[in-house]
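>>> Sequence unavailable; structure follows:
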Ligand code: NAP
């Protein structure tokens, strides 16, 4: 713990020692004393939370308070006592602690966000310097509840408030803006002390928490699931690069209504919409661009000043831009594999640029329907060996998450370019087969970056820093690959 504190002290002026994580917390006190003497600029919180309050300390309340008193004597300027201990302690015991350190009275709900005011009523009956209310977000809207609670009470009391859980990220990043005195982050990825906690480095570097203010615009990727989305990494990098006062969050929306309530109340200025809401969100939008209407899927939402929601589809730009950088699309002969949302974006976008588009889908019905509405043609798989194309685009999920499957065999790939929409894994079997027959490959990450770049342009009105976004996306993908080397070969 002390080694970690030494390392953290270089960049962090505020640290919490979770003494309850040590089997014999009392033994750490001499080292803590050395630390506080050596680092007078670091403010230190001592916490020795008992099991009853969600911590790991197995001792009595008296033992907890005794350790905290000694931690204060060792130079910790703040001590944290949970409500469960405080209500059972004698007022003089707590007052004695307060004579040597600032007292944070804390409450944790590991299940839900509810009865905030009622619990707070019990908390403020006990004199303390700071009141900390930490609950669990089971919906995105729980963050709004928490932030409204902070806004309402932070002028009378020094409050710390946030929601735990993957869905609590909004409150971790925006809580300070609502009036929370400070927030919590993990020392490193492997040392999270609460569910959904992010690292201090992520809060600072990715979410730029120190710059978040009342004018900061909030954006996010909404879907279910979203935890593996690359969007927060590339969008926050783009916002930073272009000095846009904005922050981009991963919003795990288990229901659309929950998401839309947050869009209205936080407010959220822009959304990247992903599975499974690309079509379902359409009926909640006030207006959409022509592509979105034709494609029947929206991946980008803008919330206007008046609260109206406008929908766009930037997947089209994600497909057209990488191709335009390589070839003339007018009269180019393009084969699209698939007839789902991504294929529709490709077909309409390419037709509009004058390409000759062919559709091949596992099920003929959707291919015929798409071909009719876009004035494209359909193909049978048996025809493939006889035909050659300028571009073949894979808009099916075949080959996603593995390196075994491919939607086409080697002798079915006769094209100058193979555009793979899948980006995980970064090199699919189809890409390898295409390279083997001499086609130039366009990887799915280019589409991902370009559709995100277009979103950035719609939201900010500025050109997107595409090269930077591409670098960040590649790096994030490589890190992901490195973290699970064996999976794709199975
Ligand atoms: P979707 O709407 O579910 O459509 C899937 C299409 O693939 C359907 O036409 C389906 O054919 C076909 N398909 C599914 N499983 C198949 C199989 N085993 N064999 C042959 N065909 C199969 O999905 P989507 O949203 O269009 O996405 C398609 C792919 O594009 C996904 O891999 C997605 O990750 C990728 N994508 C990438 C980006 C990017 O930024 N790079 C953006 C969007 C999408 P049936 O009609 O026969 O079911």
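Received, thanks. On a predicted model such as this, the values are computed, not experimentally measured, just so you know.
>>> Do you have the helices of the stretch 201-350 of the chain handy? List them.
Here the stretch 201-350 of the chain has its helices, by DSSP state H, counting those that start in this stretch, at 231-241, 256-265, 290-295, 315-324, 341-352.
>>> got the contact list for the first one?
Taking contacts as C-beta atoms under 8 Å, 6 or more residues apart in numbering, the residues outside helix 231-241 that touch it are 206-208, 219, 221, 244, 246-250, 272, 449, 452-453, 455-456, 460, 464-465, 468-469, 472-473, 476. (Each C-beta comes from the backbone N, C-alpha and C, glycine too.)
>>> From those residues, which land in strands?
219, 221, 246-250, 272 (DSSP state E).
>>> quick one: which two of the residues you listed are the most distant?
Longest distance between any two of the ones in strands among the contacts of helix 231-241 is 14.8 Å, between 246 and 250; criterion C-beta to C-beta.
>>> Contact partners for the residue in the stretch 251-400 of the chain positioned nearest to the ligand?
Using C-beta to the nearest ligand atom, residue 340 is the residue of the stretch 251-400 of the chain that sits closest to the ligand, at 1.8 Å. Listed by C-beta under 8 Å, 6+ apart, the contact partners of residue 340 are 366, 395-396.
>>> so how far does stretch 29-47 reach from one end to the other?
For stretch 29-47, the first-to-last residue distance is 12 Å (C-alpha to C-alpha, to the nearest Å).
>>> how about residue 213, what does it touch?
Neighbouring residues of residue 213 by C-beta under 8 Å, 6+ apart: 177, 245.
>>> same check, this time on residue 396
Applying C-beta under 8 Å, 6+ apart to residue 396 gives the contacts 337-338, 340, 343, 362, 407.
>>> ok, it to residue 367 distance?
11 Å (C-beta to C-beta, to the nearest Å).
>>> what do you get for residue 433?
22 Å.
>>> of the two, who's got more company?
residue 367 (25 against 20; other C-beta atoms under 10 Å).
>>> how many other residues sit next to the closest residue to that one other than its chain neighbours?
Distances taken as C-beta to C-beta, 6 or more residues apart in numbering place residue 361 nearest to residue 367, at 3.7 Å, with adjacent residues excluded. For residue 361, the neighbour count with other C-beta under 10 Å is 23.
>>> And the strands in the stretch 101-250 of the chain, which stretches?
Ranges of strands in the stretch 101-250 of the chain, per DSSP state E, counting those that start in this stretch, are 102-108, 130-136, 159-164, 217-223, 246-252.
>>> In JSON lines: these, plus mean pLDDT.
As requested, the strands of the stretch 101-250 of the chain are exported to JSON lines (pLDDT from 0 to 100):
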{"stretch": "strand 102-108", "mean pLDDT": "98"}
{"stretch": "strand 130-136", "mean pLDDT": "98"}
{"stretch": "strand 159-164", "mean pLDDT": "97"}
{"stretch": "strand 217-223", "mean pLDDT": "98"}
{"stretch": "strand 246-252", "mean pLDDT": "97"}
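>>> out of the ones you listed, which comes closest to residue 428?
Per C-beta to C-beta, nearest to residue 428 of those: strand 217-223, 21.9 Å.
>>> can you tell me which of the contacts of residue 340 are in helices?
If you go by DSSP state H, the contacts of residue 340 have residue 366 in helices.
>>> Save the contacts of residue 340 as TSV, and put in distance to the ligand and pLDDT too.
Formatted as TSV, those follow (distance: C-beta to the nearest ligand atom, whole Å; pLDDT from 0 to 100):
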residue	distance to the ligand	pLDDT
366	5	97
395	5	98
396	3	97
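>>> from the contacts of residue 340, which is closest to residue 146?
Distances from residue 146 to the contacts of residue 340, taken by C-beta to C-beta, are shortest for residue 395, at 40.5 Å.
>>> residues touching the closest one, list them.
By C-beta under 8 Å, 6+ apart, the contact set of residue 395 is 336-338, 340, 342-343, 346, 421.
>>> which of those residues tops the neighbour count?
Among the contacts of residue 395, residue 336 has more neighbours than the rest - 34 neighbours, counting by other C-beta under 10 Å.
>>> my guess is that residue meets residue 347, correct?
Yes. Assessed by C-beta atoms under 8 Å, residue 336 is found in contact with residue 347 at 5.6 Å.
>>> okay, and the common contacts of the two?
The contact lists of residue 336 and residue 347 share 357, 359, 376, where a contact means C-beta under 8 Å, 6+ apart.
>>> Where neighbours are concerned, which of the residues you listed has the most?
Going by other C-beta under 10 Å, residue 359 tops those with 27 neighbours.
>>> Can you give me the neighbour number for the closest residue to the ligand within the stretch 1-150 of the chain?
Closest contact between the stretch 1-150 of the chain and the ligand, by C-beta to the nearest ligand atom, is at residue 140 (22.8 Å). Using other C-beta under 10 Å, residue 140 is surrounded by 29 other residues.
>>> Can you give me the pLDDT of the closest residue to the ligand within the stretch 51-200 of the chain?
Using C-beta to the nearest ligand atom, residue 166 is the residue of the stretch 51-200 of the chain that sits closest to the ligand, at 21.3 Å. Residue 166 carries a pLDDT value of 93.
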